[in-house]
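[1] No sequence on hand, only this structure:
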């Protein structure tokens with residue numbers, strides 16, 4: 001089914017450039033790409049193929065696997081293939097790996113129809129166009145890049161310009177260019193989610209010049225770096241940000257300086273795209289993830305978690321299924337509200353802080369602290385009290401522009417928050433670096449806090 005769809009796409013525009021690999025100086029028309037695959041030998045005899053890297057060979061490997069009927073399981077550069085006991089059920093054509101942000105690593109299984117539905121939803125909702133090629137600066141193996149870049153090319157004929165270099169970690173990639181430390185929701189992203197080349201100003205300029213108009217899908221850390229370096233290309237016609245929440249301040253700053261609207265995109269490995277902010281001006285609330293994609297239905301469960309239904313929802317987890325995924329339905333771990341047809345993400349259920357039996361979401365605290373003129377960045381999390389009877393103690397990890405005391409921040413917070421939600425411990429740091437998935441991880445910063453010995457003062 002997938003390969004036949006590709007053949008129709010290739011026949012529709014045979015002489016048009018389909019794929020460019022700038023790092024290797026290669027490019028292929030749709031007919032040339034089709035010929036390479038048609039004339040290739042069957043190759044791997046294993047039931048599962050693991051395309052890896054961010055070059056044109058990744059795309060060719062996917063097509064060869066579709067042609068030969070192998071299951072595709074994309075991997076990041078350097079990622080070790082998972083140990084599998086046998087093969088998934090008949091009808092499964094694709095496996096996604098998760099990074100275990102909510103538990104033990106596991107695979108997610110997809111049929112051809114489910115993959116096609118995700119690509120259809122994304123292209124129709126975002127308005128991806130053949131005359132606005134995708135500039136590939138994110139991982140092809142991650143769910144975001146595979147759907148927005150690879151599937152958009154192979155199933156909808158949206159050309160792809162690959163501009164990848166040697167991957168580094170998200171933190172080092174961002175710091176190396178601009179010193180920025182800003183941070184698709186869902187179950188998380190594998191390592192090396194942020195290829196380095198997308199951060200480098202000259203590389204971005206050169207890659208963007210490959211076409212008169214481009215679509216640029218990236219993550220907040222890259223958008224922050226490009227904004228600070230003043231290198232966002234003027235020929236970007238569609239700008240997309242996913243992988244982590246897009247800070248409203250960044251969205252507004254880019255809009256003011258360039259006139260470019262960066263569209264927030266929210267999704268999950270288990271179901272692909274979920275919500276997209278299609279408006280033409282910056283949002284008014286950074287909790288707003290946008291409206292559901294075409295073909296996607298959302299609701300909120302009794303315990304406040306977002307439920308997603310649609311044809312793009314994965315078949316199951318593998319090898320062990322789970323009650324939260326199956327039969328066209330995914331119950332996420334994201335706490336949410338739906339207002340006027342828009343999805344508002346309130347935080348992760350696991351991030352809730354328990355203060356003497358009362359629950360508070362760290363985002364509510366962070367939102368208030370961010371209003372202080374001297375607070376540049378902040379992260380709130382709970383740490384178990386030493387006596388174990390008061391529940392969690394709220395800790396605020398803060399980056400400030402100028403010297404400001406914890407008492408001053410406490411008094412400021414008291415004007416906007418109930419006293420029990422005001423942090424009791426203030427931890428001042430030089431920056432809030434992101435993790436290998438390009439996200440600000442409360443769990444990782446909580447671990448750093450505990451290892452620093454500061455928790456003994458609580």
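    Happy to help now that I have it. Owing to the predicted nature of the structure, the values given are computational and were not obtained by experimental measurement.

[2] Can you name every helix or strand that the one helix or strand residue 343 maps to contacts?
    Element membership of residue 343, judged by DSSP states H and E, is strand 342-348. If contacts are counted by 3 or more Cβ pairs under 8 Å, 6 or more residues apart in numbering; DSSP states H and E, strand 342-348 sits against strand 272-276, strand 288-292, strand 329-339, helix 362-369. Where C-beta positions appear, they are placed from N, C-alpha and C, glycine not excepted.

[3] 6 Å instead?
    Packing contacts for strand 342-348, counted by 3 or more Cβ pairs under 6 Å, 6 or more residues apart in numbering; DSSP states H and E, involve strand 288-292, strand 329-339.

[4] List the buried residues in the next helix or strand after that strand.
    Under the assignment DSSP H and E, the closest C-terminal helix or strand after strand 342-348 is strand 353-355. Within strand 353-355, the residues that qualify as buried are 353, 355, counting by 16 or more other Cβ atoms under 10 Å.

[5] Listing partners with orientation, what would you give for the strand holding residue 343?
    Sheet partners assigned to strand 342-348 using DSSP bridges are listed as strand 288-292 (antiparallel), strand 329-339 (antiparallel).

[6] which stretch among these comes nearest residue 150?
    Checking those against residue 150 by Cβ to Cβ gives strand 329-339 as the closest, at 21.5 Å.

[7] for that closest one, the distance to its chain's centre please.
    How far strand 329-339 lies from its chain's middle: 17 Å, per Cα atoms, centre = their mean, to the nearest Å.

[8] Over to stretch 85-101?
    Relative to its chain's centre, stretch 85-101 lies at 20 Å (Cα atoms, centre = their mean).

[9] Over to stretch 326-338?
    How far stretch 326-338 lies from its chain's middle: 17 Å, per Cα atoms, centre = their mean.

[10] Tabulate the helices and strands packed on strand 342-348 in TSV, adding columns for mean pLDDT and mean neighbour count.
    Formatted as TSV, these follow (pLDDT from 0 to 100; neighbours: other Cβ atoms under 10 Å):
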stretch	mean pLDDT	mean neighbour count
strand 288-292	97	22
strand 329-339	94	19
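
[11] quick revisit: so what angle separates the directions of the strand holding residue 343 and strand 272-276?
    Here strand 342-348 runs at an angle of 110 degrees relative to strand 272-276 (axes from the mean of the first three to the mean of the last three Cα atoms, to 10 degrees).

[12] Kindly calculate the angle that strand 342-348 makes with helix 362-369.
    100 degrees.

[13] avg pLDDT for strand 342-348?
    The average pLDDT for strand 342-348 rounds to 90.

[14] Which among the strands paired with strand 342-348 is found nearest to residue 67?
    Across those, closest to residue 67 is strand 329-339 (Cβ to Cβ), at 30.0 Å.

[15] Next, format the helices and strands packed on strand 342-348 as TSV and append distance to residue 311.
    Shown next, in TSV, are the helices and strands packed on strand 342-348 (distance: least, Cβ to Cβ, whole Å):
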stretch	distance to residue 311
strand 288-292	13
strand 329-339	11
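
[16] Of those strands, which is nearest residue 51?
    strand 329-339 (24.7 Å).

[17] got the contact list for that closest one?
    Applying Cβ atoms under 6 Å, 6 or more residues apart in numbering, the contact partners of strand 329-339 are 102, 185, 270-271, 300, 304-309, 313, 324, 343-349.

[18] What subset of the residues you listed is buried?
    102, 185, 270-271, 305-306, 308-309, 313, 324, 343-349.

[19] Could you point out the helix or strand that follows the lowest-mean-pLDDT helix or strand in the chain?
    Every helix and strand in the chain was compared by mean pLDDT, DSSP states H and E; the lowest is helix 170-177, with a mean of 33. Per DSSP H and E, the first helix or strand lying C-terminal to helix 170-177 is helix 201-208.

[20] so how far is that next one off the chain centroid?
    Distance, stretch centre to chain centre, for helix 201-208: 22 Å (Cα atoms, centre = their mean).

[21] Beyond that helix, next helix or strand please.
    Next along from helix 201-208, by DSSP H and E: strand 214-218.

[22] List the strands paired with that following strand, with their directions.
    Per DSSP bridges, strand 214-218 is paired in its sheet with strand 134-136 (parallel), strand 236-241 (parallel).

[23] Show me what the helix or strand just after that strand is packed up against.
    Using DSSP H and E, the next helix or strand after strand 214-218 towards the C-terminus is helix 220-229. Packing partners of helix 220-229 (3+ Cβ pairs under 6 Å, 6+ apart): helix 170-177.

[24] let's see it at 10 Å
    Contact here means 3 or more Cβ pairs under 10 Å, 6 or more residues apart in numbering; DSSP states H and E; on that basis helix 220-229 packs against helix 170-177, helix 201-208, strand 214-218, strand 236-241, helix 248-258, strand 262-268.

[25] any chance of those in CSV, plus distance to residue 138 and mean neighbour count?
    Listed next are those as CSV, based on distance: least, Cβ to Cβ, whole Å; neighbours: other Cβ atoms under 10 Å:
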stretch, distance to residue 138, mean neighbour count
helix 170-177, 11, 21
helix 201-208, 13, 18
strand 214-218, 6, 26
strand 236-241, 10, 21
helix 248-258, 17, 17
strand 262-268, 11, 26
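
[26] mind giving me the domain split of this protein?
    The record's domain split for the chain, according to automatic domain parsing, is 2-348, 352-457.

[27] and the first one, how far apart are its ends?
    Looking at domain 2-348, the gap from its leading to its trailing residue is 35 Å under the measure Cα to Cα, to the nearest Å.

[28] about what we covered before: could you point out which of the helices and strands packed on helix 220-229 sits nearest residue 47?
    Closest of the helices and strands packed on helix 220-229 to residue 47 is strand 262-268, at 26.0 Å (criterion: Cβ to Cβ).

[29] For the closest one, give the mean pLDDT please.
    The pLDDT scores in strand 262-268 average 97.

[30] Stretch 81-92 now?
    On average, stretch 81-92 scores 86.

[31] mind listing what's buried in it?
    84, 88, 92.

[32] Could you count how many residues lie near the closest residue to the last one other than its chain neighbours?
    Same thing as residue 92. Leaving aside its sequence neighbours, residue 92 sits nearest to residue 109 (Cβ to Cβ, 6 or more residues apart in numbering; 4.6 Å). If you count neighbours by other Cβ atoms under 10 Å, residue 109 ends up with 23.
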